[in-house]
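here you go, sequence then predicted model.
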Amino acid sequence: MPSPYTPAPQHLLQSPSLGSTFLFNNICKVNCIKFPGRRLISLPKLSLSTANPAFPEGLSHLIDKKEIGLVENYSGLPIKKEKPETNRLQVENFVDVIRALPCKERNDILNGFTKDDQNWNISDLNDFLMAFLVANEPNLALKLYYDISSHGLAPDSCTFSIIIRCHCKINDADEAKRVLDRMQENGLNPNVATLTTLINSFCKRGKLQKAFEVLEVMERIGCRPTVQIYNCLLKGLCYVGRVEEAYELLEDIKKSSLEPDIYSYTAVMDGFCKVGRSDEAMELLNEALEMGLTPSAVTFNTLFEGYSKEGRPLKGIGVLKKMKQRNCMPDYISYSTLLHGLLIWRKIGQHC
């Protein structure tokens, strides 16, 4: 009977960038991998159990490239930290291998790892964790992460950052926050990108208290919030209807050394439009234009939507004219929202 498995492309299975041929036949058998500029890596056989209480579920993202000195690992022993960064070429190559497999076969990559502790270090682990994350397989990355303690490996700041991002990707921001707490307990601090990912994850779910707790963490470690982080908070506040607080935060940003961008204004404009205050949203647009900011179609579309909901679709005609004056091309949403408003409020014959 023919195998239901579709083999991976030959250029991936027998590429010179891979140290040995990958053998696939229904069950994936991964022996060893060699990436350009790196030694041959024999991968440890990993447990798929998720019952290890020492490690939380999920994963995260970006890489803090600071030198980390001596920190304590989970057993309290000092370890020398390397630069917590991943090898981009190695990650890209392994991502290609993962994506070449059918989705239901990818779990077998973990089953097929060959144990060889001498060739396994935290940098290699980070590369594979990042590869799983980039390949949109955060759960596989988590399974790999759970087993690292059995190989004598202590996570570094890069490991924790990837794990935080993975948890956020699987919509488990609460677990990602616990990973952040454990990271700090081990003397490691996240970078701005990692904190932005976590704050954004909380804001998208309306968990503003948790998001502001992460902001407090930033202040404690002397990490300055960026306008991108404030934009996440602005969107989160508007998402739960706290528009006045979002507006006050925007005013605070303007008084600080940071400058709000068009995304800051768009977030608050959208909040105003959702609560029937489209005229105030228009005032914010004019303010953004006076500051020299360039609005996108998304910015104008918030006004089309707001005026339509308020039963004033003819106001959208003025928005459309302003949009064209600013050389911003209306998109499908712009026209469909405007026409929908004119139709449902029976203003289609009055737009002239």
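That came through fine. Numbering: from 1, shown residues only.

and residue 313, that's in a strand?
No - counting by DSSP: H, G, I helix; E, B strand; the rest coil, residue 313 is not found in a strand; it is coil.

residues contacting it?
Residue 313 makes contact with 307, 338, 341-342, 345, 347 under the criterion CB atoms under 8 Å, 6 or more residues apart in numbering. Placement of C-beta: from N, CA and C, glycine included.

could you rerun that using 6 Å?
Residues in contact with residue 313 (CB atoms under 6 Å, 6 or more residues apart in numbering) are 307, 341-342, 345, 347.

tell me which entries of those lie within helices.
Using DSSP state H, 307, 341-342 are the members of the contacts of residue 313 that sit in helices.

and residue 94, how many neighbours does it have?
For residue 94, the neighbour count with other CB atoms under 10 Å is 23.

quick one: list the elements packing against the helix or strand containing it.
Using DSSP states H and E, residue 94 maps to helix 88-100. If you count contacts as 3 or more CB pairs under 6 Å, 6 or more residues apart in numbering; DSSP states H and E, helix 88-100 packs onto helix 10-13, helix 122-134.

where's residue 159, which helix or strand?
Per DSSP H and E: residue 159 is located in helix 157-169.

let me see the mean pLDDT of that helix.
Helix 157-169 carries an average pLDDT of 97.

any weak-confidence spans in the protein?
Under the criterion pLDDT under 70, the flagged ranges of the chain are 1-85, 112-119, 149-150, 349-352.

now with 50?
Per-residue confidence for the chain (pLDDT under 50) gives these ranges: 1-84, 114, 116-117, 352.

can you pull out the strands in the stretch 251-352 of the chain?
With DSSP state E, counting those that start in this stretch as the criterion, the stretch 251-352 of the chain has no strands.

give the contact list for residue 153.
Applying CB under 6 Å, 6+ apart to residue 153 gives the contacts residue 122.

now it: phi and psi?
Main-chain torsions, residue 153, degrees, to the nearest 10: phi -100, psi 130.

quick one: it and residue 248, what's the gap?
46 Å (CB to CB, to the nearest Å).

which one of the contacts of residue 313 has the most neighbours?
residue 307 (26 neighbours).

wait, what's in contact with that residue?
The contact partners of residue 307, by CB under 6 Å, 6+ apart, come to 278, 313, 315-316.

any chance of these in CSV, plus distance to residue 102?
Shown next, in CSV, are the contacts of residue 307 (distance: CB to CB, whole Å):
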residue, distance to residue 102
278, 49
313, 49
315, 52
316, 48
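
pull the most distant pair out of those residues.
Largest separation among the contacts of residue 307 by CB to CB: 278 and 313, giving 11.0 Å.

would you tell me what the next helix or strand after the helix holding residue 159 is?
With elements assigned by DSSP H and E, the helix or strand that comes after helix 157-169 is helix 173-185.

can you give me the buried ones in that next one?
Going by neighbour count (16 or more other CB atoms under 10 Å), the buried part of helix 173-185 is 173, 175-180, 182-183.

equivalent analysis for stretch 90-100, please.
For stretch 90-100, the neighbour count (16+ other CB under 10 Å) marks 90-91, 93-100 as buried.

let me know the closest of these to residue 260.
Nearest to residue 260 among those, with distances taken as CB to CB, is residue 91, at 34.6 Å.

residues in contact with residue 228?
By CB under 6 Å, 6+ apart, the contact list for residue 228 reads residue 196.

next one: residue 334
297, 301.

please apply the same query to the one 10 residues further on.
With contact taken as CB under 6 Å, 6+ apart, residue 344 is in contact with no other residue.

offset the numbering so it begins at 58, please.
Will do, 58 is the new start, and the previous item becomes residue 401.

what about it, distance to residue 267?
With distances taken as CB to CB, residue 401 is found 38 Å from residue 267.

got it, and residue 350?
Residue 350 sits 30 Å away from residue 267, going by CB to CB.

okay, stretch 364-376 in CSV with CA atoms only?
C-alpha atoms of stretch 364-376 as CSV (Å, rounded to 0.1, in the frame of the first residue of the first chain):
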residue,chain,number,x,y,z
TYR,A,364,-20.5,58.8,11.3
SER,A,365,-22.4,55.9,9.8
LYS,A,366,-23.2,54.5,13.2
GLU,A,367,-24.4,57.9,14.4
GLY,A,368,-26.8,58.3,11.4
ARG,A,369,-24.7,61.0,9.8
PRO,A,370,-23.3,59.3,6.8
LEU,A,371,-23.2,62.6,4.8
LYS,A,372,-20.3,63.7,7.0
GLY,A,373,-18.4,60.9,5.4
ILE,A,374,-18.5,62.8,2.1
GLY,A,375,-16.4,65.5,3.7
VAL,A,376,-14.0,62.8,5.1
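
just the buried positions in that stretch, please.
364-367, 370, 372-374, 376.
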